[in-house]
Every structure is written in structure tokens, then in C-alpha cells.
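Student: quick one: sequence and predicted model below, then my questions.
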Amino acid sequence: MSSQNKTANLGLNLWEAEDKPKRQDFCEDNQKIDAALSSHTEKLDGHITNAGIHVTSEQKETMGKRPTIVTYKGQGRMQRIITLPERPAFVIVFAASLPPTNYGPHETLKTGEGTNFFFGFASQQASSFGLTLQARTLTIEENVTGTLQKGAYKHFDMAGQDYVILIIPE
């Protein structure tokens, strides 16, 4: 039997311990819930059924991934391969405690007039001067010859310099 007590909003059954609910009571409550949700969905322009505005489980998994930081010490090589712990969508590489760029001759590096780059970006599609990213492989370049390239010097492997790689996961 349906209960004497009902919920305030939808009038659903609130049975007492001595009540004896019937299957029909549950069916009627389900009909009320469905009607209320249907009315709510129409008011929100199909919100509940609109998959385009909800996040998929794959998207939730991606959003849950945190950036990773990897460090390395420069070895003074013209080109060096670094295997990253995961496939990134995007990386930022910079020399610790140095400005992103500076202009002019660099005494320690023995470069002439030009822009010295100590900061760069790379993605699976494109990258800045001196960096290349393919899958989990990051190729870094250092201007060890002192020869100006494209009006600049790339410095991603200066001997003894500490570097940071910020990895943004796919």
C-alpha cells in the first residue's frame, strides 16, 4: 500500500516500518521521477541527453594527468637526445637561473652579436628554434661552434648548466 507520508517535491512514498509497499507504489514513484527529469531536461534544452556538453571518461582521464618536471645537466654537445618518461602533448625547456633570451656577445659561450636562446617550446606538431619533439624523444641542440644560425644562438645543452623540462601530457 502506498504510504501516508510523501516527499515534499515529487510526492514520492515515504514508508514507515509497519507499511507494506506494493510493486505498483514503486512503479508510480519511478513514473514521477521520470516525468520530473523529462520536464527538467526540456527546460535545460536537452542538457541531460546532450553528449556534446558532457565530459567523456577518456577526457576525464586526460584532465587528471598532471604535468611532469624532468631536469638534466648540460653536456656541451651540438645535439642530444633525451627520452621522456611519457609522450607529451607539449614541453617547455629552459635553462635554470638564466633569462629566456638575451642579445649580444656571450663571453662564456664565445658567441658574437646575436640573440641567445635559453628557453623553448616543442609539441608533436611544431617547435621553437633548437628543439624537436617526436613521440617521447626530445632532441635538444647547442650552438657549440659559435656560428650564428637564423640570427640567433640556441643553448639547450651548455656544459654544466642545469635545465628543466616541463612535460604537459597528452
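Tutor: Received, thanks. These numbers were taken from a predicted model, which means no experiment stands behind them.
Student: buried sites along the helix or strand hosting residue 26?
Tutor: Under DSSP states H and E, the secondary-structure element containing residue 26 is helix 23-43. When burial is assessed from 16 or more other C-beta atoms under 10 Å, helix 23-43 yields the following buried residues: 25, 29, 32. The C-beta positions use only the backbone N, C-alpha and C, and glycine is treated the same way.
Student: nearest to residue 90 among these?
Tutor: Distance to residue 90 across these (C-beta to C-beta) is lowest for residue 32, with 49.8 Å.
Student: ok, the closest one to residue 128 distance?
Tutor: Here the distance between residue 32 and residue 128 works out to 60 Å (C-beta to C-beta, to the nearest Å).
Student: swap in residue 15?
Tutor: In this view, residue 15 and residue 128 are 68 Å apart by C-beta to C-beta.
Student: next: residue 28.
Tutor: Counting by C-beta to C-beta - residue 28 and residue 128 are separated by 65 Å.
Student: go on, residue 54?
Tutor: With distances defined as C-beta to C-beta, the gap from residue 54 to residue 128 amounts to 36 Å.
Student: neighbour count for those two, which is higher?
Tutor: residue 128 (15 against 10; other C-beta atoms under 10 Å).
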